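A predicted structure for the sequence below; I have some questions about it.
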Amino acid sequence: MNKDEFSIEVEDLCKRFGHRTILHKVAFRVDRGETVAIIGPSGAGKSTLLRCLNGLCNFDGGTIRVGSLVLRSGRRPAPFATLRQIRQRLGMIFQDFQLFPHLTVLQNVTEAPIHVLGVARRDAERQAQALLDRVGLADHIHAFPQQLSGGQKQRVAIARALAMNPFGLLCDEITSALDPELKAEVLAVLEGLRRDGMTLILVTHEMAFAQRVADRIIVLVDGEIVEDGPPARVFRTPEHPRTTRFLEQVLL
C-alpha cells in the first residue's frame, strides 16, 4: 500500500454556521507518521476543523481526503460506510473523555472492536489489556470511569481510540482540563505514540509540547491558516504578524 493511503489532505475547506464563517479555504496535507500541532486563539476554528476531518461535522466547501476516502461539501452526510472507514483510520480523542460511565475500563476499550469491527470478545479483551498496559493502566481494567483521575480517563480514551487500529489520531485539546501532573501523564503517552510512527494531529495550547514533538505547526486565526512550518521557524521567526501577536500573548 502506497504512502498516499495513509495521508490526510484538505483542499479549500470552508465551514459556516449561519452567516458566520468558521473556516475559510483551509488547505494542508499530513503524511503518514507526521505530528502536526494546530495552534491559534480561541474561536479560530481549530476544534471544528478536527470534527470535519473525522466526519462529525458537515462543511460548506472544499474536499477532505483520508487515503482513498473522500468527504465532499454539502448538506447531506457522507455515506455511512465512508464515515465508518474514516473513523476507523482516524481515531478522535476529545477534551471531555466521552467514556461510557456504566462500563468498566476494559469494556470501554472493547466495545467498538466487538460491535463495529466484529472482533471476537476474547481477542478484543486481549488487545485491550495490551493497550491499557501501554498507557500505564493495566491495574485499572475493572475500574469504572468515576473511580479514575482525569489523566487516567484520558489515557483510557487514547487506548479506546487505538483499539480500532487507526493510522492516526485527532486530539482536541485533550489536556486542557487537567492539572500539570496529569497533563504530563497524557503527553508522555502521545510522545510514545509519535515515536512508534503514529500520525498525530493535535489541537493544543501546550506550546512547549508542540515545539518539542511536532514536525509542523499550523497557526489558525479567524478560520484561516496564516502559518504552516517547522516549529523552530514558526516560534522563532514567524512570518505573519498575527502569529507574532498570538505567540506574544501565550508565551508570556
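Yes, it's here.

on the pLDDT front, check the spatially most central residue of the chain for me.
Residue closest to the average C-alpha location in the chain (CA atoms, centre = their mean): Leu170, at 1.3 Å. Listed pLDDT for Leu170 reads 96.

wait, is it part of a strand?
Yes - assignment of Leu170 by DSSP: H, G, I helix; E, B strand; the rest coil places it within a strand.

might you report the residue contacts of it?
Leu50, Leu53, Asn54, Leu90, Gly91, Met92, Ile93, Ile201 (CB atoms under 8 Å, 6 or more residues apart in numbering). All C-beta atoms are positioned from the backbone trio N, CA, C, and that covers glycine.

same question for Phe235.
Contacts of Phe235 (CB under 8 Å, 6+ apart): Met207, Gln211, Ile217, Leu247.

could you turn the buried ones of the contacts of Leu170 into a PyMOL selection?
Applying 16 or more other CB atoms under 10 Å to the contacts of Leu170, the buried members can be selected in PyMOL as follows:
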select buried, resi 50+53+54+90+91+92+93+201
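
out of the contacts of Leu170, which two sit at the greatest distance?
Leu53 and Ile93 (12.8 Å; CB to CB).

Glu224 bridge partners, please.
Val221 (DSSP bridges).

that one against Ile22, yeah?
No - at 10.5 Å, Glu224 does not count as touching Ile22 under the criterion of CB atoms under 8 Å.

between these two, which is the more surrounded one?
Neighbour count, other CB atoms under 10 Å: between Glu224 and Ile22, Ile22 has more, with 22 against 16.

let me know the helix or strand that the more buried one is in.
Assessed by DSSP states H and E, Ile22 sits inside strand 20-30.

kindly report the same for Ile114.
For Ile114, the host element (DSSP H and E) is helix 105-115.

quick check: buried residues in that helix?
In helix 105-115, counting by 16+ other CB under 10 Å, buried: Val105, Leu106, Gln107, Asn108, Val109, Thr110, Glu111, Ala112, Pro113, Ile114.

what's in contact with it?
99-100, 103, 119-121, 124-125, 127-129, 131-132, 137, 140-145, 148, 156, 159-160, 163-164.

what about that helix, average pLDDT?
Rounded mean pLDDT across helix 105-115 is 96.

output that helix as CSV, nothing but the C-alphas.
C-alpha atoms of helix 105-115 as CSV (Å, rounded to 0.1, in the frame of the first residue of the first chain):
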residue,chain,number,x,y,z
VAL,A,105,-12.3,0.5,31.6
LEU,A,106,-11.9,-2.8,29.8
GLN,A,107,-15.4,-2.7,28.5
ASN,A,108,-14.9,0.9,27.3
VAL,A,109,-12.0,-0.2,25.2
THR,A,110,-13.5,-3.4,23.8
GLU,A,111,-17.0,-2.1,22.8
ALA,A,112,-16.1,-0.7,19.4
PRO,A,113,-13.8,-3.6,18.2
ILE,A,114,-16.5,-6.1,19.1
HIS,A,115,-19.6,-4.3,17.8
